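Colleague: Sequence and predicted structure are below.
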Amino acid sequence: MSNATQLIHSIPVDPLTGAISVPIYQTSTFVQQAPGINQGYDYARTGNPTRAVLEDLIAKLENGAVGAAFGSGLAAIDAVVKLLSAGDEILAVDDIYGGAFRLFTQVYQKFGITVNFVDTTNAENVFEAITAKTKLIWIETPTNPTLKISDIEAIAKIAKANKCLLCVDNTFASPALQQPLSLGADIVVHSATKYLGGHSDLIAGLVVTKEKELGDKIKFLQNACGAILSPFDSWLVIRGIETLHLRIKQHCDSALIISRFLEKHPAVDKVYYPGLKSHPNHAIAAKQAKAFGGIVSFSLKQDTEEAATAFVTSTKLFKLAESLGGIKSLLSHPAQMTHKTIPAEKRRSAGVADSLIRLSIGLEETNDLVNDLKDAFTACKKILQPTKNKHKIEEYGTAC
Ligand SMILES: *Cc1c(COP(=O)(O)O)cnc(C)c1O
């Protein structure tokens, strides 16, 4: 049976009524027959039947033992960090999601948990940076926004040999493309706000653990700290996941075509998409994922914030917004948006150029999206022209 069929039928029909859609249990508490005697639920922070369906579903999708749903992706990340103690160190991918960077450096550092950033695209770097204090290795693959790929299997081996946990933020790939736990990782986190929800209509986070024992610790933290996902939002994420495989296929197909279009455009400097042969980690991406995802980034030859601003305010279908993974195409300028909390020098050294633009390819017709980008290049032709190469102006003009 295919993954998509399995997925659709692993969402249970309601045993009480036969409802084909998962019921939303909008309740805070559950009546007990006698003190401590109940039907599996006592208080809705601790457990809720709608949330439980989502938690089982994501555990199945990620091939893990335990799933836990949180009020945001960052709350999910926060729960994983709380597995650590003062004095422990996190070894994290260098172009990490801005919110995770802020959480690690501005919240946990003051509780005595340190973080060291390395380029994890070379597993060797991870091996060399591990110290006796390192307890958690944190990777995103593909990363945000330069789509760097790290070898999950190789890093999992290093983690195991050094008794560290490996956590993979699988938000960009989604379990439809990549299952880190099957490649040796211990924990997967998701911002379900993105592809899993899939409709840009909620904020949610998920944690999945390979082993039950570690999952029980996450469940303890979920209840003890309380950052749970509501029943209604749990239901929305379930509904989003029902079409995940279909949506991801379309996102990936369009992203490949758009990345090839950008690669040929004279105003574009670099294109970042793991599906391109020119991507330095293309081979690893092809080995560990079924396809290459719906995010494409590119930088401009005119590498300034002004040029990027002109472009991101010129598209019509691509809406200027943070976030990704929804029905409608979005674009963003990381240097001024998602990555503005990362110091400019650190941002640049992680490969996020001043002009870097990130596209989240939506579900519109591919040609319409290509035309929208073409029109935007034309609209800001003047500012995108490399100032020194006057002779190139004409050539560029016709290419639009
Ligand atoms: C958006 C995002 C997060 C944070 O998730 P929220 O749901 O916004 O809290 C974490 N990691 C990645 C890779 C993301 O894109």
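Modeller: Looks like it came in fine. Just so it is clear, the structure is predicted and the values come from calculations on it, not from any experiment.
Colleague: does the residue nearest in space to the middle of the chain belong to a helix or a strand, and which?
Modeller: Central residue of the chain (Cα atoms, centre = their mean): residue 171, 2.3 Å from the mean position. Of the helices and strands defined by DSSP states H and E, none includes residue 171.
Colleague: what are the phi and psi angles of it?
Modeller: Note on residue 171: its backbone torsions stand at phi -60, psi -50 [degrees, to the nearest 10].
Colleague: Could you find the closest non-adjacent residue to it?
Modeller: Ranked by Cβ to Cβ, 6 or more residues apart in numbering and with sequence neighbours excluded, the top spatial neighbour of residue 171 is residue 191, at 4.6 Å. (C-beta placed from N, C-alpha, C; glycine too.)
Colleague: The one you found contacts residue 205, doesn't it?
Modeller: Yes. At 5.9 Å, residue 191 and residue 205 qualify as touching, with contact defined as Cβ atoms under 8 Å.
Colleague: I'd like the distance between residue 202 and the ligand.
Modeller: 9 Å (Cβ to the nearest ligand atom, to the nearest Å).
Colleague: show me where the stretch 301-400 of the chain has helices.
Modeller: 305-312, 344-349, 366-379, 381-384, 392-399 (DSSP state H, counting those that start in this stretch).
Colleague: Is there a neighbour count for the residue of the stretch 151-300 of the chain found nearest the ligand? I'd like the number.
Modeller: Nearest residue of the stretch 151-300 of the chain to the ligand (Cβ to the nearest ligand atom) works out as residue 191 at 3.0 Å. Residues near residue 191, counting by other Cβ atoms under 10 Å, number 30.
Colleague: Does anything pack onto the longest helix along the chain? Which helices or strands?
Modeller: In the chain, assigned by DSSP state H, the helix with the most residues is helix 244-264. Secondary-structure packing of helix 244-264 (3 or more Cβ pairs under 8 Å, 6 or more residues apart in numbering; DSSP states H and E): helix 3-10, strand 268-272, strand 295-300, helix 366-379.
Colleague: which parts of the second one are buried?
Modeller: Just to be clear, that refers to strand 268-272. By neighbour count on 16 or more other Cβ atoms under 10 Å, the buried set for strand 268-272 is 268, 270, 271, 272.
Colleague: SS state for the closest residue to residue 232 other than its chain neighbours?
Modeller: Using Cβ to Cβ, 6+ apart and skipping residues adjacent in sequence, the residue nearest residue 232 is residue 24, 5.7 Å away. Of the three states, residue 24 takes coil under DSSP: H, G, I helix; E, B strand; the rest coil.
Colleague: Let me know the distance separating residue 377 from residue 262.
Modeller: 10 Å (Cβ to Cβ, to the nearest Å).
Colleague: hang on, residue 41 packs against residue 31?
Modeller: No. Using Cβ under 8 Å, residue 41 makes no contact with residue 31, being 9.9 Å away.
Colleague: Compare these two (neighbour count), which wins?
Modeller: Between residue 41 and residue 31, counted using other Cβ under 10 Å, the more crowded position is residue 41 (17 against 9).
Colleague: what's the closest non-adjacent residue to the more buried one?
Modeller: In space, and not counting its chain neighbours, residue 41 is closest to residue 30: 4.4 Å by Cβ to Cβ, 6+ apart.
Colleague: Verify the stated contact: residue 145 with residue 337.
Modeller: No. Taking Cβ under 8 Å as the definition, residue 145 is not a contact partner of residue 337, at 9.8 Å.
Colleague: quick one, which of these two is more surrounded?
Modeller: Neighbour count, other Cβ under 10 Å: between residue 145 and residue 337, residue 145 has more, with 30 against 16.
Colleague: list the contacts for the more buried one?
Modeller: 95, 272, 295, 297, 332, 334, 338, 339, 352, 356, 358 (Cβ atoms under 8 Å, 6 or more residues apart in numbering).
Colleague: what's around the fifth one, how many residues?
Modeller: Counted with other Cβ under 10 Å, the burial measure for residue 332 works out to 25 neighbours.
Colleague: Next: the third one.
Modeller: Residues within reach of residue 295, counting by other Cβ under 10 Å, total 28.
Colleague: Quick check: bridge partners of it?
Modeller: Assessed by DSSP bridges, residue 295 has beta-bridge partners residue 360.
Colleague: Who are the contact partners of it?
Modeller: Shown in contact with residue 295 (Cβ under 8 Å, 6+ apart): 142, 144, 145, 147, 172, 255, 273, 324, 358, 359, 360, 361.
Colleague: The same query, at a cut-off of 7 Å, please.
Modeller: Each residue near residue 295 by Cβ atoms under 7 Å, 6 or more residues apart in numbering is listed here: 142, 147, 172, 255, 324, 358, 359, 360.
Colleague: filter those down to the ones close to the ligand.
Modeller: Here is what survives when the contacts of residue 295 are matched to the ligand using Cβ under 6 Å from any ligand atom: residue 172.
Colleague: Dump the contacts of residue 295 into JSON lines; add neighbour count and pLDDT as well.
Modeller: Shown next, in JSON lines, are the contacts of residue 295 (neighbours: other Cβ atoms under 10 Å; pLDDT from 0 to 100):
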{"residue": "142", "neighbour count": "27", "pLDDT": "97"}
{"residue": "147", "neighbour count": "27", "pLDDT": "96"}
{"residue": "172", "neighbour count": "28", "pLDDT": "97"}
{"residue": "255", "neighbour count": "24", "pLDDT": "98"}
{"residue": "324", "neighbour count": "28", "pLDDT": "96"}
{"residue": "358", "neighbour count": "25", "pLDDT": "97"}
{"residue": "359", "neighbour count": "27", "pLDDT": "98"}
{"residue": "360", "neighbour count": "28", "pLDDT": "98"}
